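K.L.:
Generate coordinates for the sequence data below:
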Amino acid sequence: MTLGVRDVARATAFYLALGWPLSPASVDGEVSFFNTAGGLLALWNIEEMERDTGRRMTAVGAGGTANAINLDSRAQVDEAFDAVARAGGTIVKAPVATDWGGYTGYIADLDGHLWEIAHNPGWPTGPDERPQLPRA
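P.N.:
Numbers count the residues shown, from 1 in each chain. Purely as a prediction, here's the structure:
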């Protein structure tokens, strides 16, 4: 997943402050790659992304998507929200208990990209740190 950002160095500092591991494949100030449990996250300058795609992007962080992080407990969700606030992110919706037994809320990074941070007791985290979805 690649997020278009206004300032790669600033966005990189935000995700580093959350404890995300930066890959040495990153190019300082140009593109940052983070290894995550579920895939790779790239931060790339939005203007470079527009040149590469040949398309005008919508306003940074204003797209109709939200990325999601699933954690093992409500306490881990609360810890993640605290880390986001300390790193300068925005709490969009504080975590709340849901009618389906989970606990979820939304944050925005420094460019406004939405992230849902949730605990779903029906989707335990496996040995690869990814949520294990129920099978039919």
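
K.L.:
which strand in this protein runs the most residues?
P.N.:
When the chain is parsed with DSSP state E, its longest strand is strand 90-97.

K.L.:
quick one: buried residues of it?
P.N.:
Of the residues in strand 90-97, residue 95 count as buried by neighbour count, 16 or more other Cβ atoms under 10 Å. Backbone N, C-alpha and C define where each C-beta goes, glycine included.

K.L.:
Give me the mean pLDDT for it.
P.N.:
Across strand 90-97, pLDDT averages out at 93.

K.L.:
Kindly report the same for stretch 124-133.
P.N.:
Stretch 124-133 comes out at a mean pLDDT of 80.

K.L.:
Please shift the residue numbers so they start at 826 in all later answers.
P.N.:
Sounds good: first residue 826 from here, last item stretch 949-958.

K.L.:
Name the next helix or strand downstream of the lowest-mean-pLDDT helix or strand in the chain, please.
P.N.:
None of the helices or strands of the chain scores lower by mean pLDDT, DSSP states H and E than helix 871-878, at a mean of 75. Sequence-wise, the next helix or strand downstream of helix 871-878 (DSSP states H and E) is strand 892-896.
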